[in-house]
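K.L.:
let's see this in three dimensions:
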Amino acid sequence: TARDGGAVPAVSLIEHNITELLLHPESPVDASTSVRALTEWSAQGVSIVVGPSWSLISELLSSVAALFQLPLVSHWATSAALSDDEAHRFFSRTIPTHDSLMRAVPSILSELGWRACVILHRDDALGTSQALGVQSAAALHGSMDVVAFAFEPGNLASMRSAVHSARDTGRRVIVFSGADVDLFDFIEAAEPEGIVGSEGYALVDINAVHNVGSSESAAQNARPELQEAVRRVLPGSLVMGYTTLRSDEAQGDAFERQWGQLSREELVGDPTMG
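P.N.:
Residues are numbered from 1 along each chain as shown. So this is what the prediction gives:
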């Protein structure tokens, strides 16, 4: 299962007794289809499943896979909860947990001269753990004051409430943790409040734009009435991913110039990378 399609061609290149490659499109909002596919694959004698992508789906399917003793190898699920070997005995992954990125956020913001921020996050297990990760790292770092507000995914009224609370703190650095669809709701709620796309505020994204690849990709994924707003807001924002730190303007060959020549030792040894 894959949310970007990238894992499918990669798996097909593995030359190790693969007799059949079965595909299932994963839905972040309908786990039942993935559970059904996993059950059917087990009955068919499938040896291993690549995926799921989403952490919440992974936590559910991990329990189902354990019933069949069917290994799951995820390429994108980053929740730290999945590191519990007792609870997820048949789950593994090829990506770091989000803990490494969350630990880096306060250090990076402090290097930019910022001393306080607001983090807006999804009101679910993954979003809450990400917010707590940033707050814990900030407490250890000692020079960054972080407050957090949760929003209910898919609920614009909840997003408006979280954005209003963020504005009322008077803090000018907004760290956003959510999916691209959440980011669109955030922009719709935040533009009328004057805290995105205007001078005096900084937007730091730690999930959405990194996942879709660029601000233009995000704009194309947005609802038609929001596409221009996304294009106004995201350029100039700071985007943090698992191995990247860049302005959202740094796309294509600009990324290659900034980061492409780094050796693995340089990347791992860079304190901003967590």
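
K.L.:
which parts of the chain are helices?
P.N.:
Assigned by DSSP state H, the helices in the chain fall at 7-12, 31-44, 55-68, 99-111, 125-141, 156-168, 180-190, 208-212, 215-221, 227-233, 253-255, 264-269.

K.L.:
so which of those is nearest Leu82?
P.N.:
helix 55-68 (5.8 Å; CB to CB). All C-beta spots, glycine's among them, are computed from the backbone N, C-alpha and C.

K.L.:
under the pLDDT cut-off, which ranges of the stretch 101-250 of the chain? List them.
P.N.:
Within the stretch 101-250 of the chain, the segments meeting pLDDT under 70 span 197-198, 210-213, 242-250.

K.L.:
if we use 50, what do you get?
P.N.:
Scanning the stretch 101-250 of the chain for pLDDT under 50 picks out 243-250.

K.L.:
these two touch, right, Val196 and Ile187?
P.N.:
Yes: using CB atoms under 8 Å, Val196 is in contact with Ile187, at 6.0 Å.

K.L.:
what about the residue nearest the centre of the chain, distance to Gln130?
P.N.:
The residue lying closest to the centre of the chain (CA atoms, centre = their mean) is Asn207, at 3.3 Å. From Asn207 across to Gln130, the span is 8 Å (CB to CB, to the nearest Å).

K.L.:
doesn't Val175 make contact with Ala201?
P.N.:
No, residue 201 isn't Ala; it's Tyr. No: using CB under 8 Å, Tyr201 makes no contact with Val175, being 11.7 Å away.

K.L.:
buried ones in stretch 130-149?
P.N.:
Of the residues in stretch 130-149, 130-131, 133-135, 137-138, 144, 146, 148-149 count as buried by neighbour count, 16 or more other CB atoms under 10 Å.

K.L.:
about what we covered before: residue contacts, the residue nearest to the centre of the chain?
P.N.:
176-179 (CB atoms under 8 Å, 6 or more residues apart in numbering).

K.L.:
dump the residues you listed into TSV; add distance to Val105 as well.
P.N.:
What follows is the contacts of Asn207, written out as TSV (distance: CB to CB, whole Å):
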residue	distance to Val105
Phe176	11
Ser177	10
Gly178	15
Ala179	18
